[in-house]
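Novice: pasting the sequence and the predicted coordinates here, then a few questions.
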Amino acid sequence: MPKKKCPACGSTDTVKILYGEPTYEAYEESEHGKIVLGGCLISDISPTRHCKACGQDFGGKDLIPLYELTAFEFYVGGYFGTSHFVYIDGKRKNKLIRYAKTPGGLYADLKHPKNDINFHPEILLKEIPLLPDQWIAFIEELIGLEIGCWRDEYCDIGVCDGTQWELVIKLPNRYKISKSGSNDYPPYWKRFIKIMKKYINEDIG
Ligand SMILES: [Zn+2]
């Protein structure tokens, strides 16, 4: 089985986390860095792997209750090129993906779709309704990306402008996940973009 990529840094230098009272062999293996001891407490959300490159634990059941997300906001673009905006109001009964493509760094306000700003002739606006089972499928695909284990920021400081992106997922109780980047991306970025393309049917990023 190929080693699983770390969702935070992309390294494949990852090891299994072993829970429970370790045997002597397990203790030896951990001393040699072949496994990591996770302690005696285990739950069904406990991570299963540890990344030796960046220290992130991952592979457990996602802690983030994505099924209950109240808002999903995604942006990728630049000051000069094409920008893509995605917004989903998770509180809406009939789920809908709002999407806008804008040129030249123009901003689209998808939270308020009737806002004048969205009626610029060069802005492409789209609304994609999701049936309940499509919504579940979408959330399940997001869960597979282990977004909770991504670093908060991916930044290539060698590039000054270029492509910026931001992903914000709002959850109940004002809990919020916020990930962003500048010319640098998390390891599962391509998979993420593929999912977005599939639902939106536009060439994003
Ligand atoms: Zn890592």
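Specialist: Perfect, thanks for sending it.
Novice: all helices of this structure, in order?
Specialist: Assigned by DSSP state H, the helices in the chain fall at 24-31, 132-143, 189-200.
Novice: residue contacts, the residue most central in space within the chain?
Specialist: With distances taken as C-alpha atoms, centre = their mean, I147 lies nearest the centre of the chain, 3.7 Å away. By C-beta atoms under 8 Å, 6 or more residues apart in numbering, I147 lies in contact with 7, 62, 64, 167, 169, 177, 179. All C-beta spots, glycine's among them, are computed from the backbone N, C-alpha and C.
Novice: ok, 7 Å please
Specialist: Neighbour list for I147: 64, 177, 179 [criterion: C-beta atoms under 7 Å, 6 or more residues apart in numbering].
Novice: still on that earlier bit, do you know which of the helices of the chain lies nearest the ion?
Specialist: Closest of the helices of the chain to the ion is helix 189-200, at 14.5 Å (criterion: C-beta to the ion).
Novice: which strands and helices sit next to the closest one?
Specialist: strand 96-102, strand 124-129 (3 or more C-beta pairs under 7 Å, 6 or more residues apart in numbering; DSSP states H and E).
Novice: mind putting those strands in JSON lines, mean neighbour count, mean pLDDT and distance to the ion included?
Specialist: Below are the helices and strands packed on helix 189-200 laid out as JSON lines (neighbours: other C-beta atoms under 10 Å; pLDDT from 0 to 100; distance: least, C-beta to the ion, whole Å):
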{"stretch": "strand 96-102", "mean neighbour count": "21", "mean pLDDT": "97", "distance to the ion": "30"}
{"stretch": "strand 124-129", "mean neighbour count": "13", "mean pLDDT": "96", "distance to the ion": "34"}
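Novice: what about the closest residue in space to R49 that isn't next to it in sequence, how many residues close to it?
Specialist: Excluding its sequence neighbours, the residue lying closest to R49 (C-beta to C-beta, 6 or more residues apart in numbering) is G59, at 4.2 Å. Neighbour count for G59, taken as other C-beta atoms under 10 Å: 19.
Novice: G59: what's it in contact with?
Specialist: 4, 47-49.
Novice: and if we set it to 8 Å?
Specialist: Contacts of G59 (C-beta under 8 Å, 6+ apart): 4, 47-49, 146.
Novice: need the residues of this protein near the ion, please.
Specialist: By the rule C-beta under 5 Å from the ion, the part of the chain lying against the ion is 6, 8-9, 11, 51, 53-54, 56.
Novice: if you rank the contacts of G59 by neighbours, which is first?
Specialist: Counting by other C-beta under 10 Å, E146 has the largest number of neighbours within the contacts of G59, with 23 neighbours.
Novice: I am finished for the moment; much appreciated.
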